[in-house]
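> Model the structure of this input:
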Amino acid sequence: MNIVGELVLSQSTISGLAGRLKQEGYSALANELLKAAKGLERRLTDLQKGVMDIRMIPWGSCSRRCPVSSVKSPVNRGRKSN
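The predicted structure is shown next:
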């Protein structure tokens with residue numbers, strides 16, 4: 001979730017830089033960068049929705065799907081724990 005937030009901030013920075021490039025006369029380069037930033041924004045929106053959907057799954061339904069052997073501690077399986 002934190003990484004998604006950092007990606008959103010990076011996307012915002014890229015959009016801001018594209019705006020500055022456009023103001024300084026690099027309109028062709030700025031338009032390409034803005035187009036890429038819009039694509040990134042769409043993908044980030046999808047990623048944010050996916051992360052929130054995963055976070056909203058009740059833990060009980062997840063734990064019922066996991067086999068019991070994956071929950072056992074290394075000590076119970078005869079291994080030493082670090």
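> Below-threshold pLDDT in the protein: ranges please.
Across the chain, the ranges flagged by pLDDT under 70 are 1, 59-82.
> ok, longest helix in it?
The helix that spans the most residues within the chain, counting by DSSP state H, is helix 27-55.
> which secondary structure elements does it contact?
helix 2-23 (3 or more CB pairs under 8 Å, 6 or more residues apart in numbering; DSSP states H and E). The C-beta positions use only the backbone N, C-alpha and C, and glycine is treated the same way.
> quick one: the helix it packs on to helix 27-55, angle?
160 degrees (axes from the mean of the first three to the mean of the last three CA atoms, to 10 degrees).
> Which positions in helix 2-23 come out as buried?
The neighbour-count check on helix 2-23 (16 or more other CB atoms under 10 Å) flags V8, Q11, I14, S15, A18, L21, K22 as buried.
> Name the residues that touch it?
With CB atoms under 8 Å, 6 or more residues apart in numbering as the test, helix 2-23 has contacts from 27, 29-31, 33-34, 36-37, 40-41, 44, 47-48, 51.
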